[in-house]
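Peer 1: Okay, sequence plus prediction incoming.
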Amino acid sequence: MTDAPVLEFVDASVKRSNRVIWSKGNFSIPRGSVTAIVGTNGTGKTTMLSAELGILPLSSGSLSVLGAPAGRNNARIGYVPQNYTEVSESNITVFDFVLLGITGSRWGFLPASATERQATRDILDFVGLSEQSRLRIRELSGGQRQRAAIAQALVNKPELLILDEPLANLDITSQHSIVSLLSALNKDMGMTIQVVAHDLNVLLPILTGAVYLLDGHPHYSSMDNMLDSQLLTHLYGTTVEVITTPQGDMFVTHNSAMEPATRTVHDEHPTSDAAQWHSAHSGDAPDTPSDCDTKED
Ligand SMILES: Nc1ncnc2c1ncn2[C@@H]1O[C@H](COP(=O)(O)OP(=O)(O)OP(=O)(O)O)[C@@H](O)[C@H]1O
């Protein structure tokens with residue numbers, strides 16, 4: 001274990017189909033942290049995960065993951081893609097699905113060892129799916145499927161766990177139970193966690209910081225600075241308030257009563273607005289990412 005950052009972005013930019021998705025990422029994520037990646041639809045959250053896994057090369061700058069260029073240390077990363085279990089082979093049993101986390105990257109047929117099968121049982125126990133291990137994935141509830149997907153990512157004992165919208169389409173109870181699971185992984189095992197999320201509230205108790213994709217640039221804020229009404233309002237393009245209860249719990253909320261009659265749509269903000277945020281949060285000069293064509297794949 002070192003204190004070196006788990007992720008380090010230096011002047012990092014990515015393009016897709018020759019269009020800049022985000023640029024000038026300059027931040028690092030500390031080991032042992034729980035970080036949300038937030039931004040409105042299409043701002044490049046999933047793209048950021050692809051860059052971290054080395055699937056999508058940067059168009060400029062550098063990105064170091066667990067001390068090496070992105071892609072080199074993927075064996076030390078657990079990755080839970082968005083809607084993964086929805087598209088996974090529905091007939092596979094929960095046990096075999098989780099075991100795939102170990103055997104899935106092997107060439108040819110090689111039966112799992114007793115140690116690998118035990119590791120699978122242990123992780124199923126940890127995520128609370130021991131009793132469901134012989135069921136088919138399709139027989140699980142949405143929350144249980146998400147646990148199975150997390151178990152598959154955990155079975156190799158990663159140092160960094162990356163999840164793309166793990167709380168989407170889950171009811172509030174299932175969301176809280178996934179958050180408790182992430183909390184245990186972080187607190188009891190020291191795992192570094194990065195999670196793409198649209199709703200911050202349910203994650204707030206465990207977050208240590210957030211990466212905001214704002215105006216085409218990623219900005220990192222530690223927990224102390226991340227809950228800023230003005231920043232969140234700018235990010236989401238709608239009035240957002242940060243509320244602190246008498247017990248000290250914080251949550252963010254949309255306040256339509258404070259909404260101006262006409263609001264500037266996100267990313268069509270005045271230059272002065274962008275300049276204020278860029279100077280306050282990154283020291284960057286304002287810049288627009290959409291300086292290339294807009295052709296999609
Ligand atoms: N394979 C691809 N080829 C070209 N452009 C792509 C590709 N995948 C995504 N994009 C574009 O990149 C941009 C960022 O997409 P991305 O999926 O990273 O956004 P996101 O912030 O995760 O969005 P959401 O919140 O909707 O999941 C979008 O404009 C999208 O159309």
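Peer 2: That came through fine.
Peer 1: His219 and the ligand, how far apart?
Peer 2: 15 Å (C-beta to the nearest ligand atom, to the nearest Å). Placement of C-beta: from N, CA and C, glycine included.
Peer 1: Okay, strands next: where are they in the stretch 151-297 of the chain?
Peer 2: Using DSSP state E, counting those that start in this stretch, the strands of the stretch 151-297 of the chain run over residues 160-164, 192-196, 209-214, 217-222, 240-244, 250-254.
Peer 1: any idea how far Ser17 is from the residue lying closest to Asp3 once chain neighbours are set aside?
Peer 2: What sits nearest to Asp3 in space, not counting adjacent residues and going by C-beta to C-beta, 6 or more residues apart in numbering, is Arg31, at 6.6 Å. According to C-beta to C-beta, to the nearest Å, Arg31 stands 34 Å off from Ser17.
Peer 1: now do Ser130
Peer 2: 45 Å.
Peer 1: Can you list the buried residues in stretch 45-57?
Peer 2: By 16 or more other C-beta atoms under 10 Å, the buried positions in stretch 45-57 come out as 45-54, 56.
Peer 1: so can I have a markdown table of those residues showing pLDDT, secondary structure and distance to Ala184?
Peer 2: Shown next, in a markdown table, are those (pLDDT from 0 to 100; DSSP: H, G, I helix; E, B strand; the rest coil; distance: C-beta to C-beta, whole Å):
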| residue | pLDDT | secondary structure | distance to Ala184 |
| --- | --- | --- | --- |
| Lys45 | 94 | helix | 24 |
| Thr46 | 95 | helix | 26 |
| Thr47 | 96 | helix | 29 |
| Met48 | 96 | helix | 25 |
| Leu49 | 97 | helix | 22 |
| Ser50 | 96 | helix | 28 |
| Ala51 | 97 | helix | 28 |
| Glu52 | 97 | helix | 23 |
| Leu53 | 96 | coil | 24 |
| Gly54 | 95 | coil | 28 |
| Leu56 | 95 | coil | 31 |
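Peer 1: Let's have those in JSON lines, adding distance to Ser141.
Peer 2: Below are those laid out as JSON lines (distance: C-beta to C-beta, whole Å):
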{"residue": "Lys45", "distance to Ser141": "25"}
{"residue": "Thr46", "distance to Ser141": "24"}
{"residue": "Thr47", "distance to Ser141": "30"}
{"residue": "Met48", "distance to Ser141": "29"}
{"residue": "Leu49", "distance to Ser141": "25"}
{"residue": "Ser50", "distance to Ser141": "29"}
{"residue": "Ala51", "distance to Ser141": "32"}
{"residue": "Glu52", "distance to Ser141": "29"}
{"residue": "Leu53", "distance to Ser141": "28"}
{"residue": "Gly54", "distance to Ser141": "33"}
{"residue": "Leu56", "distance to Ser141": "32"}
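Peer 1: Among the residues you listed, list the two that are farthest apart in space.
Peer 2: Using C-beta to C-beta, the two most remote members of those are Lys45 and Gly54, lying 17.0 Å apart.
Peer 1: shaky segments in the stretch 1-150 of the chain?
Peer 2: Counting by pLDDT under 70, the stretch 1-150 of the chain has low-confidence residues at 1-2, 85-90, 105-110.
Peer 1: tell me which parts of it are close to the ligand?
Peer 2: For the stretch 1-150 of the chain, the contact set with the ligand under C-beta under 6 Å from any ligand atom comprises 16-17, 21, 39, 41-47.
Peer 1: Only the buried members of those: can you turn that into a ChimeraX selection?
Peer 2: Listed next is the ChimeraX selection for buried residues among these, using 16+ other C-beta under 10 Å:
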select :21,39,43,44,45,46,47
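Peer 1: Let me know the closest of the residues of the stretch 1-150 of the chain next to the ligand to Leu100.
Peer 2: Thr46 (21.7 Å).
Peer 1: Now do the contacts for that closest one.
Peer 2: 82, 164, 196 (C-beta atoms under 8 Å, 6 or more residues apart in numbering).
Peer 1: Distance-wise, check it relative to Gln82.
Peer 2: 7 Å.
Peer 1: Between those two, which contacts overlap?
Peer 2: 164, 196.
Peer 1: got the residue ranges for the helices in the stretch 151-297 of the chain?
Peer 2: 172-189, 223-226, 229-236, 271-281 (DSSP state H, counting those that start in this stretch).
Peer 1: what about Ile55, distance to Ser130?
Peer 2: Distance from Ile55 to Ser130, by C-beta to C-beta: 33 Å.
Peer 1: typed the wrong thing, it's Ala151
Peer 2: 10 Å.
Peer 1: what touches both of these two?
Peer 2: Listed contacts common to Ala151 and Ser130 are Leu124; contacts here mean C-beta under 8 Å, 6+ apart.
Peer 1: All set, thanks.
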